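Chemist: coords please:
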Amino acid sequence: MDGFDSEPLSFEGESIEDCVAKIRNHFENLPQKEPLKRELVMPRITVFGVLLFVLPVLALVAGLTLVNIYISKPWLMILLNIGLPVAYILTTTKYNLIFSVKLYQKFAPKKIRQYCAMTPSCSEYMILAIKKFGTVKGTIKGLKRLKKCGRTEQTTDYP
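Modeler: Okay, the predicted model is just below:
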C-alpha cells in the first residue's frame, strides 16, 4: 500500500457515524511527513458562483415542465425532453467538474490536502488537465494522477 503498514478499512454492518469516526481516526493516524513548503489553494466560493451552478438546472426543469404542459405533439416532447438535458450536460460538464474540484479544495480538511507531496496537488492537477485537454481526456488524466497520490517522494508533474 505505498509504504503504509495499516490494514484496509472495512465498514460491514457499521452505522454511518461509526464509519465516519473510523475514517477520521485512520487519517489522524497516518504517518507524519515533513510539512510541505507549498500553500494550499483555497478558492473563493461565492453565492453567485453556486447560483451559476444551480440556476441553469432549475431553468431546464421549469422549461421542460412548460414544454410538457403546452406542447401536444408527442415527437416534439420526446425530442425536447431528451435533447435539452443532453445539450445542457454536454455544454456544462467541464465547468461543473471544475466547480466540484473547487468545492473539494475549499471544504476538504487541510490535513488531508497537505498530505500530497506532488506539485501541483492532485486537485490542482485535475483542474489544469480538464482546462487543457477537455472534459473526458482531462478527467482520465486527473484520475490516473490520483492513483499516484499518497507517495512520499516529492515530484513535479504538470499535465
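
Chemist: Got phi/psi on the residue sitting furthest away from the middle of the chain?
Modeler: Farthest-out residue of the chain from its mean C-alpha position, per CA atoms, centre = their mean: Ser72, at 40.1 Å. Per-residue torsions, Ser72: phi -100, psi -10 (degrees, to the nearest 10).

Chemist: dump the residue contacts of it.
Modeler: By CB atoms under 8 Å, 6 or more residues apart in numbering, Ser72 lies in contact with nothing. C-beta coordinates here come from the backbone N, C-alpha and C atoms, glycine included.

Chemist: Could you list the low-confidence segments of the protein?
Modeler: 1-11, 27, 29-38, 150-152 (pLDDT under 70).

Chemist: Distance check, Leu64 against Gly83.
Modeler: 10 Å (CB to CB, to the nearest Å).

Chemist: who has more neighbours, these two?
Modeler: Leu64 (15 against 11; other CB atoms under 10 Å).

Chemist: give me the element the more buried one is part of.
Modeler: Using DSSP states H and E, the element containing Leu64 is helix 47-70.

Chemist: tell me the domain boundaries of the protein?
Modeler: Listed by automatic domain parsing, the domain ranges of the chain are 46-107, 109-159.

Chemist: which one of the ones you listed lies closest to Leu40?
Modeler: Comparing these against Leu40 with CB to CB, the closest turns out to be domain 109-159 (5.4 Å).

Chemist: what about the closest one, how long is it end to end?
Modeler: Domain 109-159 has its terminal residues 25 Å apart, counting by CA to CA, to the nearest Å.

Chemist: Give me the distance from it to the chain's centre.
Modeler: Relative to its chain's centre, domain 109-159 lies at 12 Å (CA atoms, centre = their mean, to the nearest Å).

Chemist: start the count at 451, not 1, going forward
Modeler: Happy to do that; since the first residue is 451 now, the last one works out to domain 559-609.

Chemist: contacting residues around Ile495?
Modeler: Lys552, Leu553, Lys556.
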